[in-house]
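Engineer: Fold the following for me, if possible:
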Amino acid sequence: MTAVAEVAAGWPRSVAPARPASMPLFPTLWPSMMRGAASAAGLPFPLTDPGRREFSFARYGIYAIARALGLEGREVLFPAFFHCVELDALLAAGAKIALYPIGADLQLDPQAIADRIGPRTAALYVIHYAGFPAPIRALRTLCRDRGLALIEDCAHALLSSVEGQPLGSFGDGAVFSLPKSLPTPDGGIALLRGGWSEGARRQRQPRRAWLAAHTASLLLANLQMRHLPAAAEVRAVALRMGKAAYAATGAAYVPMGTPDFDLAQADTTMSALSRRILMRQDFATIVARRRRNYRYLLERLDDVAPPIVGALPEEGCPLFYPFRVARRDAVLARLQAQSVPLGEFWPERHPMTPDGEFPGVNELRATALWLPCHQDMTQEALEWLVLQVRQAVLGER
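Structural biologist: Residues are numbered from 1 along each chain as shown. The predicted model follows:
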């Protein structure tokens, strides 16, 4: 590390933070969270909504919402920047997709959406990226004026609000993905403002081997993070055993975060274990820690890796710290070489996305990365993370 880079990083060589034993990309499962059920009194929206439907994955909630809103054969305006599986869920429900632009700053323009509404348009699908709210009040007004259903994708936005109203409560439908924010092995929540006309349809439980593999991974990631000897080796063995047990049932193992939509799994509910874990969470502390960690990263990386979305809104609960770098592949390679936990922010282009029609989206796919700011991140881990990112962006090895 050069003297210039040392000064830029903010630490002299003699006091540079030490590498943590492990730094998880997502929250880990503490063993105490699996003990006897606690009170559900502290559960936040949408976990208390009496009309919610629970799924093993949020994607199946998207499918259920589209079916309930009668979107088969009808047009849904959909953001041009997306992961993949959320679009595949709508396509599986028979919806027709028309894309609208998203800027390189992850912002959308309600007027640009209004200009794309046509006679076949039936619904607007909105993603609250990284837990930061879209202009949801303006979009709700637009949908009411034009007779459209509004679907909120809150996969990133659990625990975020706008002026005291939780994200996910503005639309006609909303979907949440719990494992992105909480240490649950599975869990998707779907809401429908008008209620579910099909009633309480019977749902299947997740496969036990799959659930056990995911739970073991979350537990062992926690032990590894806390420096327990051989935790990394045990976790690797447990994952292999879990995958083998699942394969023995005749089905392929489905890792968390997979981009695949499997219609055969659309009626699978959230596990009882995840419900128990939810009741052991301190949600106020989770929000406070995520906000604190995001602000720490912002303060120390703003000059070399400024966030795409800027400062935190007053009631935002950030899922992660998204940033753009001009030499993304080089920066990514340097960070991966140091085992730095970071995510690629949807670099793959879906076949339905025209190449060149959405320059802001193309820029995001070519430049965007994200860093964890979840509730398990310690001060020491954040300091080390900042140092590694600064070195990588400045071209130091």
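
Engineer: For stretch 303-314, buried residues please.
Structural biologist: Buried residues in stretch 303-314, counting neighbours by 16 or more other Cβ atoms under 10 Å, are found at 304-305, 307-309, 312-313. All C-beta spots, glycine's among them, are computed from the backbone N, C-alpha and C.

Engineer: swap that for stretch 123-140, sorry
Structural biologist: So for stretch 123-140, counting by 16+ other Cβ under 10 Å, buried means 123-136, 139-140.

Engineer: all helices for the chain, in order.
Structural biologist: 3-9, 58-68, 85-92, 110-114, 136-146, 208-225, 231-247, 272-278, 283-301, 328-337, 359-367, 379-393 (DSSP state H).

Engineer: May I have the last one as PDB, with CA atoms only?
Structural biologist: Right, helix 379-393. Taking Å, rounded to 0.1, in the frame of the first residue of the first chain, the C-alpha atoms of helix 379-393 are listed here in PDB:
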ATOM      1  CA  GLN A 379     -17.400  -2.000  13.800                       C
ATOM      2  CA  GLU A 380     -14.200  -3.900  13.200                       C
ATOM      3  CA  ALA A 381     -15.700  -5.600  10.100                       C
ATOM      4  CA  LEU A 382     -16.900  -2.300   8.700                       C
ATOM      5  CA  GLU A 383     -13.500  -0.700   9.200                       C
ATOM      6  CA  TRP A 384     -11.800  -3.600   7.300                       C
ATOM      7  CA  LEU A 385     -14.400  -3.500   4.600                       C
ATOM      8  CA  VAL A 386     -13.900   0.200   4.000                       C
ATOM      9  CA  LEU A 387     -10.100  -0.200   3.800                       C
ATOM     10  CA  GLN A 388     -10.400  -3.000   1.200                       C
ATOM     11  CA  VAL A 389     -12.800  -1.000  -1.000                       C
ATOM     12  CA  ARG A 390     -10.700   2.100  -0.900                       C
ATOM     13  CA  GLN A 391      -7.600   0.100  -1.900                       C
ATOM     14  CA  ALA A 392      -9.500  -1.700  -4.700                       C
ATOM     15  CA  VAL A 393     -11.000   1.500  -6.200                       C
END
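
Engineer: can you give me how far that helix is from the chain middle?
Structural biologist: Centroid separation for helix 379-393 versus its chain: 22 Å, with Cα atoms, centre = their mean, to the nearest Å.

Engineer: show me the contacts for Phe57.
Structural biologist: 177, 186, 188, 265, 268 (Cβ atoms under 8 Å, 6 or more residues apart in numbering).

Engineer: Restricted to strands, list those residues.
Structural biologist: Among the contacts of Phe57, the ones falling in strands (DSSP state E) are 177, 188.

Engineer: Tabulate the helices of the chain (TSV), appending distance to Gly343 and mean pLDDT.
Structural biologist: TSV is the format used below for the helices of the chain (distance: least, Cβ to Cβ, whole Å; pLDDT from 0 to 100):
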stretch	distance to Gly343	mean pLDDT
helix 3-9	22	42
helix 58-68	17	97
helix 85-92	15	96
helix 110-114	27	98
helix 136-146	25	98
helix 208-225	15	81
helix 231-247	19	55
helix 272-278	22	94
helix 283-301	14	97
helix 328-337	10	94
helix 359-367	13	95
helix 379-393	13	95
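
Engineer: which of those helices sits most buried?
Structural biologist: Between those, helix 58-68 has the highest mean count of neighbours, a mean of 25, where neighbours are mean count of other Cβ atoms under 10 Å.

Engineer: quick one: that one to helix 85-92, angle?
Structural biologist: Interaxial angle, helix 58-68 versus helix 85-92 (axes from the mean of the first three to the mean of the last three Cα atoms, to 10 degrees): 30 degrees.

Engineer: For helix 58-68, name the packing helices and strands.
Structural biologist: strand 53-55, helix 85-92, strand 149-153, strand 173-177, strand 188-192 (3 or more Cβ pairs under 8 Å, 6 or more residues apart in numbering; DSSP states H and E).

Engineer: can we see that at 6 Å?
Structural biologist: Contacts defined by 3 or more Cβ pairs under 6 Å, 6 or more residues apart in numbering; DSSP states H and E place helix 58-68 against helix 85-92, strand 173-177, strand 188-192.

Engineer: With distance to Gln379 added, can I get the ones you listed in CSV?
Structural biologist: Formatted as CSV, the helices and strands packed on helix 58-68 follow (distance: least, Cβ to Cβ, whole Å):
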stretch, distance to Gln379
helix 85-92, 35
strand 173-177, 28
strand 188-192, 32
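
Engineer: Select, out of the ones you listed, the one closest to Arg144.
Structural biologist: strand 173-177 (14.5 Å; Cβ to Cβ).

Engineer: quick revisit: for the helices and strands packed on helix 58-68, which one sits closest to Glu380?
Structural biologist: That would be strand 173-177 among the helices and strands packed on helix 58-68, by Cβ to Cβ, at 28.7 Å.

Engineer: tell me what the closest one is packed against?
Structural biologist: Against strand 173-177 (3+ Cβ pairs under 6 Å, 6+ apart) you get helix 58-68, strand 149-153, strand 188-192.
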